[in-house]
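Asks: kindly return the folded structure for what I paste below:
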Amino acid sequence: MNRGPEIERYLANVRAQLGSATASEEEEVIRVLSARIEALAETTGANAESVLEELGPVEKVAHQYRNAGLIARASRSNSPLLLLHASLKNGPPGLLAFLIGLAGYWFGGCVLVFGALSLLWSVLYYKPNARAAIGSSMLQTLMSAVAGCVVLVLTTFLLRAQLRASKRTRPY
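Replies: Predicted coordinates for the structure are as follows:
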């Protein structure tokens, strides 16, 4: 199918709606969308207007590609904010992952912060003649800080795994 002015205008409008996508991401979207248009035209034998009508409004198509790009980018990231944001864009399973991730980051962060503060408190107020053994208290506080780190890392790992398993990394 020859890309006529309607298709070129449609692709230009999609490109304009992609927002903060990089130039390479824009080119990838336009390449994939062009291939999709070609495939639809070949299988249905339809003209440009009916193919573009089947694809849907420019805003909807661009929105699907923006979400797919966000999910794909987040599935390779370690940023809690990006992972949580992408999880929200991932439909009902993503909402569940968002809630679990939020709870995991909150719990792990609290355990880490309070473990570190407790360790600092133990070091600052150490008394050599105290009845309680300082080693056990310091070991417990150190272990709580490590446990907080482990919870944070596991939460990140689980969110990334959920995003990688998502079917929304490609809109078509």
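Asks: tell me the pLDDT at Arg3?
Replies: Among the per-residue scores, Arg3 shows a pLDDT of 66.
Asks: domain ranges for the protein?
Replies: Domain assignment for the chain, taken from automatic domain parsing, gives 5-56, 80-167.
Asks: can you add distance to Arg73 and mean neighbour count and give these back as JSON lines?
Replies: Quick note: C-beta positions are derived from backbone N, CA and C, even for glycine. JSON lines is the format used below for the domains of the chain (distance: least, C-beta to C-beta, whole Å; neighbours: other C-beta atoms under 10 Å):
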{"stretch": "domain 5-56", "distance to Arg73": "9", "mean neighbour count": "15"}
{"stretch": "domain 80-167", "distance to Arg73": "7", "mean neighbour count": "15"}
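Asks: lowest mean pLDDT across these, which one is that?
Replies: domain 5-56 (a mean of 81).
Asks: Ser34 versus the closest residue to Arg164 other than its chain neighbours, what's the distance?
Replies: Of all residues not flanking Arg164 in the chain, Ser75 sits nearest, at 4.6 Å (C-beta to C-beta, 6 or more residues apart in numbering). Ser75 is 25 Å from Ser34, where distance means C-beta to C-beta, to the nearest Å.
Asks: hmm, back to that, mind listing what the residue nearest to Arg164 touches?
Replies: By C-beta atoms under 8 Å, 6 or more residues apart in numbering, Ser75 lies in contact with 86, 160, 163-164, 166, 169.
Asks: good, wrapping up.
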